[in-house]
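Peer 1: A predicted structure for the sequence below; I have some questions about it.
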Amino acid sequence: GISVGRGVFTKVTTSAIQEVGVLTGGMNAEFGNALAGVVTLVSREGENKLHGEAEYVISPSGQRHWGQNLYDNPAHKGHMRWDNADWANETDPQTGKLAHQRMKYTDYIGHQVEGSLSGPIGSKASFFVSSRFVRGVSTYPSPAPTSPFNTRNLATLTFRPTASVKVKLGGMLDRYKSYYVPNSNYEGSAKGMGPTSSGRNIFLPENWAASGRQIVTDDMEHLTMTHSLGPKTYYEVKVYHVGSKIDTADVPSVTEPVRTDKDGWFYLPRKIQAYNLYSDQRYGAKVDFTSQVSQSHLFQAGMEYRRH
């Protein structure tokens, strides 16, 4: 296996999983870097005949929302004055848009699409590809009422030159976007119940955040050769790369002062100059040897080199 670290590939397309294992204690030496438990995933390989699957899941509007509408939250008592024409029609002097707009955040519909395809390539090779797209729905008023573009993908190419040798080339790619602010409790930073659950950011625009957008990309590529020396003994050689990158886009060039409506209660949108840049690239090579010495004795040995 390949250690991908914490927070990377925490969600994998279900159609790409062949086997899942959970180790909570008494782990082998190969998992010596684990602090607690270990979750292992084995991805699927191509089949000897063409095969495809597709799945679509819909989340009807209102299914992720319960209780009182947050625009009627007691925290706003005395501040929501829809019966006052001046308050209801107040505009933002910077944008010219209404300062108080009640969004129907419970009306959005969620979608999830996932598909996979596998099959042979000649008599000695096969392929498997899987992809997933999710348009999630926010439970509360937020900068993105539905999740921005996101995708999870996996692909493998398997080649068996002989009955005892298998070569596998595989990769995974996760990419998703979100709206970015260094802290949602900042005044005028992003639509929601901040700062500190007061709800004073609730009238900020949808599909907007004070510091722009955040883009997260996780990728992993590996080349593995497995050679069976007999019915009970084999060794495996693997080279791999695991990468994780976070970057920001559309970052404003200035930080503007805090702005409020005429009542001085609800915050108006402003720009906040802030960046989030992170990159972790890992390269490694691994050799494992396994032999079932007897019915009750398994011998394993291995060596791994990693470079960050």
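Peer 2: Perfect, I can see it now. Quick caveat: nothing in here was measured; it's all calculated off a predicted structure.
Peer 1: for the stretch 101-250 of the chain, what spans make up the strands?
Peer 2: Secondary structure of the stretch 101-250 of the chain (DSSP state E, counting those that start in this stretch): strands at 110-121, 125-135, 150-162, 165-179, 213-230, 233-249.
Peer 1: in terms of secondary structure, what does the helix-or-strand element of the chain with minimal mean pLDDT contact?
Peer 2: Here the helix or strand of the chain ranked lowest by mean pLDDT, DSSP states H and E is strand 38-43, holding a mean of 72. When contacts are defined as 3 or more C-beta pairs under 8 Å, 6 or more residues apart in numbering; DSSP states H and E, strand 38-43 packs onto strand 17-23. Heads up, the C-betas are built off the backbone N, CA and C, glycines and all.
Peer 1: kindly recompute the last result at 10 Å.
Peer 2: On a contact count with 3 or more C-beta pairs under 10 Å, 6 or more residues apart in numbering; DSSP states H and E, strand 38-43 meets strand 17-23, strand 150-162, strand 165-179.
Peer 1: for it, which strands pair with it and how are they oriented?
Peer 2: Sheet pairing of strand 38-43 (DSSP bridges) gives strand 17-23 (antiparallel).
Peer 1: and the residue nearest to residue 269 when sequence neighbours are not counted, how many neighbours?
Peer 2: What sits nearest to residue 269 in space, not counting adjacent residues and going by C-beta to C-beta, 6 or more residues apart in numbering, is residue 204, at 5.2 Å. By other C-beta atoms under 10 Å, 24 other residues sit near residue 204.
Peer 1: how about low-confidence regions in the chain?
Peer 2: 1-12, 25-38, 63-67 (pLDDT under 70).
Peer 1: what sits against the closest residue to residue 240 other than its chain neighbours?
Peer 2: In this structure, residue 240 finds its nearest non-sequential neighbour in residue 222, 3.9 Å apart by C-beta to C-beta, 6+ apart. Residue 222 sits next to 1-2, 156, 168-172, 238-242, 284, 286 when contact means C-beta atoms under 10 Å, 6 or more residues apart in numbering.
Peer 1: one more time with 6 Å, if that's ok
Peer 2: Neighbouring residues of residue 222 by C-beta atoms under 6 Å, 6 or more residues apart in numbering: 170, 238, 240.
Peer 1: quick one: the second one and residue 225 touch, right?
Peer 2: To tie it back to what came earlier, the one meant is residue 238. No - between residue 238 and residue 225 there is no contact under C-beta atoms under 6 Å: 7.7 Å.
Peer 1: tell me which of the two has more neighbours.
Peer 2: Ranked by neighbour count (other C-beta under 10 Å), residue 238 and residue 225 place residue 238 first, with 18 against 15.
Peer 1: partner residues bridging that one?
Peer 2: Bridge pairing for residue 238 - DSSP bridges - gives residue 224, residue 286.
Peer 1: return the distance of it relative to residue 168.
Peer 2: Using C-beta to C-beta, to the nearest Å, residue 238 is found at 9 Å from residue 168.
Peer 1: overlap in contacts, those two.
Peer 2: Jointly contacting residue 238 and residue 168 under the rule C-beta under 6 Å, 6+ apart are residue 224.
Peer 1: so which of the contacts of residue 222 is the closest to residue 122?
Peer 2: Nearest to residue 122 among those: residue 170, at 18.6 Å, using C-beta to C-beta.
Peer 1: what's the closest non-adjacent residue to that closest one?
Peer 2: Spatial nearest neighbour of residue 170, excluding adjacent residues (C-beta to C-beta, 6+ apart): residue 156 at 4.1 Å.
Peer 1: swap in residue 306?
Peer 2: Nearest residue to residue 306, sequence neighbours excluded (C-beta to C-beta, 6+ apart): residue 284, at 4.4 Å.
Peer 1: can you tell me the element the one you found falls in?
Peer 2: strand 278-294 (DSSP states H and E).
Peer 1: what angle do that strand and strand 233-249 make?
Peer 2: 170 degrees (axes from the mean of the first three to the mean of the last three C-alpha atoms, to 10 degrees).
Peer 1: strand 278-294 to strand 213-230, inter-axis angle?
Peer 2: 20 degrees.
Peer 1: show me what the helix or strand just after strand 278-294 is packed up against.
Peer 2: Using DSSP H and E, the next helix or strand after strand 278-294 towards the C-terminus is strand 297-307. When contacts are defined as 3 or more C-beta pairs under 6 Å, 6 or more residues apart in numbering; DSSP states H and E, strand 297-307 packs onto strand 278-294.
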